[in-house]
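Engineer: below: sequence and its predicted model.
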Amino acid sequence: MEYPKVVAIGGGTGLSTLLSGLKHFPVDITAIVTVADDGGSSGILRSDLQVPPPGDIRNVLVALSDVEPVLAELMQFRFKQKDSYLEGHPVGNLLLAAMYAISDNNFVDAVEKMARVLNVRGQVYPSAAQAMVLHAELEDGTIVCGESQLSQHKEPIKRVFFENVAPAVPECIASIYDADILVFGPGSLFTSVIPNILFPEIREAILASTAQKLYVCNIMTEHGETDFYTVSDHIQKLNAHMGQTFLDAVIANDEEIPAQYLKRYAQESAQPVILDRDAIELMNIEVIASRIADWDVKKGVRHDAIKVAAAVYSRVLEYI
């Protein structure tokens, strides 16, 4: 039986959350993952070993894996030994770096091999076969270099870009043309979602694709990236980087966040993303308002994996 083809584009914890829920539905999944991360463990391995950043890829592979829970736990285990080179490194990042080395520095091949080891359901591709350096132009004209530096500035982000754009991975392009539905996000707008559409071939494929194009908007704003953004603000930035309006629908949270969590996020200068339905509908984009939020004392406010995946799958059923 041939399942509907869903291509999810993004990075960070948002994409892996969606995929961990979506793998329980009868769909053929392909994930296209950003390679612009330069912070934390990924940044260190990228600098020291010249390996493309493995962190977002690791999270996606684990999210789509079908292995014993202890192996998934091992992949995500992060060393805590202070003053050690291993401090802060997840085991999965080190394994991907090793797989890259034994794959003759072919990152696409390394990811494919690791997917086999983890019995991944679906396909996982980096958007490019090499690490990319993300730049941002702020509203005052300042240029910031490096994804990890974007949130360190008070001035709003005008746009992000790559100075030297590598070729996109061909399998990404083919999967977009073959998709029944393209899903963007959830995830950090400027550092997880938009970097994937900075490749001309990917933009061209998205615009040429006849697939439904769906955006899953973040629940909370991110300080330094999307301060005070509404849902339509997120969409407008996506459109600006794509060069035109291209989405068919947006999934946005309409569930009230408990006051105790709002207070915590306010300390981080973050707040709920306001669903401004009228502004979105003026763009001829359908609004799918859904109770997709989850909250946890340790993890804070997140997308509920099953609820957001169910909202995406409902769209699949409606249009396929």
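Structural biologist: Ah, there it is. Numbering: from 1, shown residues only.

Engineer: list the residues that contact the residue nearest to residue 145 when sequence neighbours are not counted.
Structural biologist: Leaving out its chain neighbours, the residue that sits closest to residue 145 by CB to CB, 6 or more residues apart in numbering is residue 135, at 5.5 Å. C-beta coordinates here come from the backbone N, C-alpha and C atoms, glycine included. Going by CB atoms under 8 Å, 6 or more residues apart in numbering, residue 135 touches 143, 144, 145, 146, 160, 161, 162, 163.

Engineer: now for the closest residue to the second one other than its chain neighbours, how many residues are close by?
Structural biologist: Looking back up the chat, that one is residue 144. Counting by CB to CB, 6+ apart, residue 144 lies nearest to residue 136, which is 4.5 Å off, once chain neighbours are set aside. For residue 136, the count of nearby residues is 23 (other CB atoms under 10 Å).

Engineer: touching, residue 136 and residue 151? I think so.
Structural biologist: No. Using CB atoms under 8 Å, residue 136 makes no contact with residue 151, being 9.9 Å away.

Engineer: ok, back up a step: residue contacts, the residue nearest to residue 144?
Structural biologist: Residues near residue 136 by CB under 8 Å, 6+ apart: 143, 144, 150, 157, 158, 159, 160, 161, 190.

Engineer: what residues sit buried inside stretch 276-292?
Structural biologist: 276, 277, 279, 280, 285, 287, 288, 290, 292 (16 or more other CB atoms under 10 Å).

Engineer: give me the nearest residue to residue 57, chain neighbours excluded.
Structural biologist: residue 33 (5.4 Å).

Engineer: and what of residue 164?
Structural biologist: Counting by CB to CB, 6+ apart, the residue nearest residue 164 is residue 133, at 7.9 Å.

Engineer: before we move on, the earlier item: can you flag the buried ones in the contacts of residue 136?
Structural biologist: Of the contacts of residue 136, these count as buried by 16+ other CB under 10 Å: 144, 150, 157, 160, 190.

Engineer: turn these into JSON lines, columns for pLDDT.
Structural biologist: Listed next are the buried ones among the contacts of residue 136 as JSON lines, based on pLDDT from 0 to 100:
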{"residue": "144", "pLDDT": "93"}
{"residue": "150", "pLDDT": "81"}
{"residue": "157", "pLDDT": "94"}
{"residue": "160", "pLDDT": "96"}
{"residue": "190", "pLDDT": "96"}
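
Engineer: redo these as TSV? Include secondary structure.
Structural biologist: Listed next are the buried ones among the contacts of residue 136 as TSV, based on DSSP: H, G, I helix; E, B strand; the rest coil:
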residue	secondary structure
144	strand
150	helix
157	strand
160	strand
190	helix
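
Engineer: please identify which of those is nearest to residue 198.
Structural biologist: Nearest to residue 198 among the buried ones among the contacts of residue 136, counting by CB to CB, is residue 160 at 7.2 Å.

Engineer: spit out the contact partners of the closest one.
Structural biologist: Taking CB under 8 Å, 6+ apart as the test, what residue 160 contacts is 134, 135, 136, 137, 150, 190, 191, 194, 195, 198, 241.

Engineer: can you put the residues you listed in a markdown table and add distance to residue 253 and secondary structure?
Structural biologist: Shown next, in a markdown table, are the contacts of residue 160 (distance: CB to CB, whole Å; DSSP: H, G, I helix; E, B strand; the rest coil):
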| residue | distance to residue 253 | secondary structure |
| --- | --- | --- |
| 134 | 27 | strand |
| 135 | 31 | strand |
| 136 | 26 | strand |
| 137 | 29 | strand |
| 150 | 24 | helix |
| 190 | 20 | helix |
| 191 | 20 | helix |
| 194 | 20 | helix |
| 195 | 23 | helix |
| 198 | 27 | helix |
| 241 | 23 | helix |
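
Engineer: min pLDDT across those, which one?
Structural biologist: pLDDT is lowest at residue 150 among the contacts of residue 160; the value there is 81.

Engineer: what separates the closest residue to that residue other than its chain neighbours from residue 237, distance-wise?
Structural biologist: Setting aside the residues directly before and after it, residue 150 is nearest to residue 136 in space (CB to CB, 6+ apart), at 5.2 Å. To residue 237, residue 136 is 12 Å away according to CB to CB, to the nearest Å.

Engineer: overlap in contacts, the two.
Structural biologist: In contact with both residue 136 and residue 237: residue 190, using CB under 8 Å, 6+ apart.

Engineer: no further queries at this time; thank you.
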